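S.K.: Sharing a sequence plus its predicted fold:
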Amino acid sequence: MNPLPVIEAVRDGASLPPGALEEFLQGYLAGSVEEYQMAAFLMAVVLNGISRDDLTRLVQVMLHSGAVLDLSHLPGPRIDKHSTGGVGDKVSLVLAPLAAECGLFVPMMSGRGLGHTGGTLDKLESIPGFRTDLSLEAFQEVLEAEGVAMIGQTREIAPLDRRLYDLRSVTGTVPSIPLIAASIMSKKLAEGLTGMVLDVKAGSGAFLTEEAETLALARTMVEIGEDHGVPTTALVTAMDRPLGRSAGNVVEVREALACLRGEGPADLREVVLQLATEMQLVANPGTEFHRTDPGGVTTQRQNGAQPVARDRAMDRARDRLDGGFALERFRRLVERQGGDPHAVDDPDLLPSAPVSMEVPSPATGTVVELRPRPLGQAVVELGGGRVRLGQNIDPTVGYADLIQPGQEVEAGALLGTVHAASAEAARKAASVLASAIRIGAGPTPARSLISHRISAQGVLEFGPVPPPSR
């Protein structure tokens, strides 16, 4: 084929004739479209965007460039969650087994740390023996047995996305909402889902820091899901501070285990419960929501559907979490995927760093700000993330016991604890933590923990809500 008409049409903001984009993408896979020509196409998309119809076609080719799981034999809804990434985001470790306890099948394919954000696979692999490199056959066996399985993207899934991702990373074409959305959704749709929930991070620690961009990305991914027959909703959650009180790998596993015991930080628990509720609701599409007061959501029935009531779904999630059922399912999941189940009951069996250093507050006052991005970058510097492909990481390093915005602090009180491989590395990371915290007086300017809900019905903005009671 001649690729120039496709490149020129996107460059000029013109619509593509039927079949042209598909032929162009297939040509790239076959080698008749050169890398530099695809790079020109990607840059044109970055500069001018792409129509919703053409984006749907792009995702369709990416999706079917590899294996698409057929899980229709499973006797229940198949729902997954995707997070756009943040600092301290250990939600999947709690949410996946909890959603399975709520009657869903959760075929979760996750990623590794990217930039300043941590990755679910790295956290899981810090549990001794846990394997995330299962074959698709083994993945399905675990899923059938436990209702949940957690692995990385295999080579069979969306190979076109892998090629485009590598090319984007070296051609300055990463920051594009349609390309980001297509990359995420092509992999998720390959899981054979019947519904999907997105956790889209907003704030200074998110990849997209501007709220308008965050909402645009959420809307685009919801549209892609709906266009492919997969009901999709998104929650916009705060990433202007770390989620929970730890950032790293083992330290976040410990916090996730505390949450699975019905304990742990209130913000982590709240995000987990809200997402578990959404996963149940998206399994029963046809419900529309609107916020009626600062602390609640009213459910409306639509089109004669018989949806699961929101309060009932939340109560089920809370019961399965606080009753220890999700913890037990996670224990079984760990064992089935080669990990040590005893570490689930005794976190002291998890590896630990040789050096721990407490960071004292330099002043008395209110914690006005705790910037997440410097902490995420410091975890990478400690060895808990990657600066090159294939790099081994140290799962034991990171931050724990982090103070939260809004807390009162006395001079000399604990701001957090650094876990490091050496005293020198610990001192550097302690300096980063001290500089990332701003102590002052008066109210704390912070985002609502959950600020928006995006669905096929539109965008709902939630006003300030009371802080979680736990």
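M.R.: Arrived safely. Residues are numbered from 1 along each chain as shown.

S.K.: what's the distance between the residue nearest to V61 when sequence neighbours are not counted and P3?
M.R.: Distances taken as C-beta to C-beta, 6 or more residues apart in numbering place L25 nearest to V61, at 4.4 Å, with adjacent residues excluded. (Each C-beta comes from the backbone N, C-alpha and C, glycine too.) Taking C-beta to C-beta, to the nearest Å as the measure, L25 falls 10 Å from P3.

S.K.: In contact with the residue nearest the centre of the chain, which residues are there?
M.R.: For the chain, the residue sitting closest to the mean C-alpha position, by C-alpha atoms, centre = their mean, is S83 at 1.7 Å. Going by C-beta atoms under 8 Å, 6 or more residues apart in numbering, S83 touches 89, 91-92, 198-201.

S.K.: how far away is it from A206?
M.R.: From S83 across to A206, the span is 10 Å (C-beta to C-beta).

S.K.: Ok, G66 next?
M.R.: Relative to A206, and taking C-beta to C-beta, G66 is found at 29 Å.

S.K.: Neighbour count: the two, which is higher?
M.R.: When G66 and A206 are compared for neighbours, A206 comes out ahead with 26 against 19, by other C-beta atoms under 10 Å.

S.K.: what's near enough to touch the residue nearest to V61?
M.R.: L25 is in contact with 58, 61-62, 160, counting by C-beta under 8 Å, 6+ apart.

S.K.: likewise N249?
M.R.: When contacts are counted by C-beta under 8 Å, 6+ apart, N249 touches 118, 122-123, 126, 384, 393, 395-398.

S.K.: Let's have these in JSON lines, adding distance to E156, pLDDT and secondary structure.
M.R.: Shown next, in JSON lines, are these (distance: C-beta to C-beta, whole Å; pLDDT from 0 to 100; DSSP: H, G, I helix; E, B strand; the rest coil):
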{"residue": "G118", "distance to E156": "26", "pLDDT": "75", "secondary structure": "coil"}
{"residue": "D122", "distance to E156": "22", "pLDDT": "92", "secondary structure": "helix"}
{"residue": "K123", "distance to E156": "24", "pLDDT": "95", "secondary structure": "helix"}
{"residue": "S126", "distance to E156": "26", "pLDDT": "95", "secondary structure": "coil"}
{"residue": "G384", "distance to E156": "29", "pLDDT": "92", "secondary structure": "helix"}
{"residue": "I393", "distance to E156": "25", "pLDDT": "89", "secondary structure": "coil"}
{"residue": "P395", "distance to E156": "27", "pLDDT": "95", "secondary structure": "coil"}
{"residue": "T396", "distance to E156": "33", "pLDDT": "97", "secondary structure": "coil"}
{"residue": "V397", "distance to E156": "33", "pLDDT": "97", "secondary structure": "coil"}
{"residue": "G398", "distance to E156": "33", "pLDDT": "97", "secondary structure": "strand"}
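
S.K.: and which of these is nearest L327?
M.R.: Nearest to L327 out of the contacts of N249 is K123 (C-beta to C-beta; 16.2 Å).

S.K.: buried stuff in stretch 399-412?
M.R.: Using 16 or more other C-beta atoms under 10 Å as the test for burial, stretch 399-412 gives 399-400, 402-405, 409.

S.K.: actually stretch 431-449, not the one I typed
M.R.: If you call a residue buried by 16+ other C-beta under 10 Å, then stretch 431-449 has these buried ones: 432-433, 436-437, 439, 444, 446-447, 449.

S.K.: contacts for that stretch?
M.R.: 202-203, 237-238, 240-241, 267, 270-271, 359, 361-372, 374-375, 377-378, 399, 402-403, 405-406, 409, 415-416, 418, 462-465, 468.

S.K.: Show me those that map onto strands.
M.R.: Within the contacts of stretch 431-449, residues falling in strands by DSSP state E are 202, 237-238, 359, 365-370, 399, 409, 415-416, 418.

S.K.: what about burial for those residues, which qualify?
M.R.: 202, 237-238, 359, 366-370, 399, 409, 415-416, 418.

S.K.: could those go into CSV alongside pLDDT and distance to R155?
M.R.: Output for these, formatted as CSV (pLDDT from 0 to 100; distance: C-beta to C-beta, whole Å):
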residue, pLDDT, distance to R155
A202, 94, 33
T237, 96, 31
A238, 95, 35
V359, 98, 42
T366, 93, 50
V367, 95, 45
V368, 93, 47
E369, 94, 42
L370, 96, 39
Y399, 98, 34
V409, 95, 49
L415, 98, 43
G416, 98, 39
V418, 98, 37
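
S.K.: Just to be sure, G262 is in a strand?
M.R.: No: read with DSSP: H, G, I helix; E, B strand; the rest coil, G262 is coil and lies in no strand.

S.K.: hey, where'd the strands end up in the stretch 201-350 of the chain?
M.R.: Applying DSSP state E, counting those that start in this stretch to the stretch 201-350 of the chain gives strands spanning 232-238, 247-248, 287-293, 296-301.

S.K.: Give me the helices and strands touching the first one, please.
M.R.: Secondary-structure packing of strand 232-238 (3 or more C-beta pairs under 8 Å, 6 or more residues apart in numbering; DSSP states H and E): strand 195-202, helix 211-227, helix 266-282, strand 450-455.

S.K.: so how far is that strand from its chain's centroid?
M.R.: In terms of C-alpha atoms, centre = their mean, to the nearest Å, the centre of strand 232-238 is found 10 Å from the chain centre.

S.K.: Please enumerate residues in contact with that strand?
M.R.: Applying C-beta under 8 Å, 6+ apart, the contact partners of strand 232-238 are 195-203, 211, 214-215, 218, 221-222, 224-226, 243, 267, 271, 274-275, 278, 281-282, 446-456.

S.K.: Which among the residues you listed count as buried?
M.R.: Counted by 16+ other C-beta under 10 Å, the contacts of strand 232-238 give 195-203, 214-215, 218, 221-222, 224-226, 243, 267, 271, 274-275, 278, 281-282, 446-447, 449-455 as buried.

S.K.: mind listing what's buried in stretch 54-72?
M.R.: Judged by neighbour count using 16+ other C-beta under 10 Å, the buried positions of stretch 54-72 are 54-63, 65-66, 69, 71.
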